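I would like to see how this sequence folds:
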Amino acid sequence: MSGIERGQAARVRTLARRWWPLAVAVPLGAVAGAGYAVVAPPVYTANSYVVVVPDPGGEAGLAVNFAQAYGRLAAQPQVLELAAPEAGRSGAELAGLVAGTTSPDAPVIEIAGSGGHPQDAVKAADAVAKALISFANTSSKETGVKLVPLAAAAEPDQPTTPSGRLDVAVGGAAGVLVGALAMMARRKAGDPAAAVPGGAAPVEPAAVVPTPTRAAPDKRAEPAGSAK
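Just a heads-up that it's a prediction; the model follows:
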């Protein structure tokens, strides 16, 4: 083996000693993510839509403002308790299965419902949408708006989670984080191969040898006759 080949082999070994935590953690994280995607129970999501309509002669901006307010109320106990009988769940259970979102420029409320089966997701979304309409329309005379159903939820074809590609990506990212933390720990521990960017061990500075100085001639040693 030539000197160049030996140098390249030594550099590869140095890099391997430095980067092995990252090289091990990333594949393990990706495998863990793939395993989670296989064993995790599926969760389906269905969306039901409600629109806020102003009274005749009312302003459209008023409907948008009330849509923002009612969208926040979609997952509140007073609405969930109304939806519980039709959804077949308690209000506390529905709190973790539904969410309301709105658009900043449209008076539409989207009710997202989740469940272990497509039918469960549809039932949760539609039940909360109907309960929200009933709750809001009891005060429509005071607010000047009313809620009407826009579109019922449709059964989803595929589960929202787990997602194989996403879970593998998340696992790989977690591996990068764990590997980086392990490398930082090695640097703090004083590993020479990990502390130097190039992977080489630090070189001790050369000792500085002081240069001797010549002594000045002693004028007192000169003969008396040399004085001018």
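
okay, CA-based contacts and neighbour counts for the rest of this
Noted.

which residues of the chain score low on pLDDT?
For the chain, the stretches with pLDDT under 70 are 1-10, 12, 15-17, 22, 36-40, 162-164, 167, 190-228.

which ones are touching the residue nearest the centre of the chain?
With distances taken as Cα atoms, centre = their mean, residue 170 lies nearest the centre of the chain, 8.5 Å away. Neighbouring residues of residue 170 by Cα atoms under 8 Å, 6 or more residues apart in numbering: 29, 30, 33.

got phi/psi on the first one?
Backbone dihedrals for residue 29, given as degrees, to the nearest 10, come out at phi -60, psi -40.

list the contacts of it.
Counting by Cα under 8 Å, 6+ apart, residue 29 makes contact with 168, 170, 171, 172, 173, 174, 175.

also residue 66?
52, 107, 145 are the contacts of residue 66 under Cα under 8 Å, 6+ apart.

where does it fall, secondary structure wise?
helix 60-73 (DSSP states H and E).

buried ones in that helix?
Under the neighbour-count criterion of 16 or more other Cα atoms under 10 Å, helix 60-73 has 60, 62, 63, 64, 66, 67, 68, 70, 71, 73 buried.

the second one - nearest residue in space that isn't next to it in sequence?
Once flanking residues are discounted, residue 62 sits nearest to residue 54: 7.2 Å by Cα to Cα, 6 or more residues apart in numbering.

swap in the first one?
Across the structure, with Cα to Cα, 6+ apart as the measure, the residue nearest residue 60 apart from its sequence neighbours is residue 54 (6.7 Å).

try the last one
Excluding its sequence neighbours, the residue lying closest to residue 73 (Cα to Cα, 6+ apart) is residue 79, at 7.1 Å.

against residue 61, how distant is that neighbour?
Going from residue 79 to residue 61 by Cα to Cα, to the nearest Å gives 24 Å.

likewise for residue 82?
Distance of residue 82 to residue 61, computed by Cα to Cα: 28 Å.

and residue 174, by the same measure?
From residue 174 to residue 61 the distance is 45 Å (Cα to Cα).

can you check residue 90 too?
For residue 90, the distance to residue 61 equals 35 Å [Cα to Cα].

repeat for residue 87
32 Å.

ditto for residue 130
23 Å.

how about residue 99, secondary structure?
strand (DSSP: H, G, I helix; E, B strand; the rest coil).

burial measure for it, as a count.
Look at residue 99: counted by other Cα atoms under 10 Å, it has 21 neighbours.

cool, residue 57 as well?
Neighbourhood size, residue 57 [other Cα under 10 Å]: 7.

same thing with residue 50?
Residue 50: 24 surrounding residues under other Cα under 10 Å.

do residue 129 as well
Residue 129 has 33 neighbours, counted by other Cα under 10 Å.

that one against residue 112, yeah?
No: between residue 129 and residue 112 there is no contact under Cα atoms under 8 Å: 9.3 Å.
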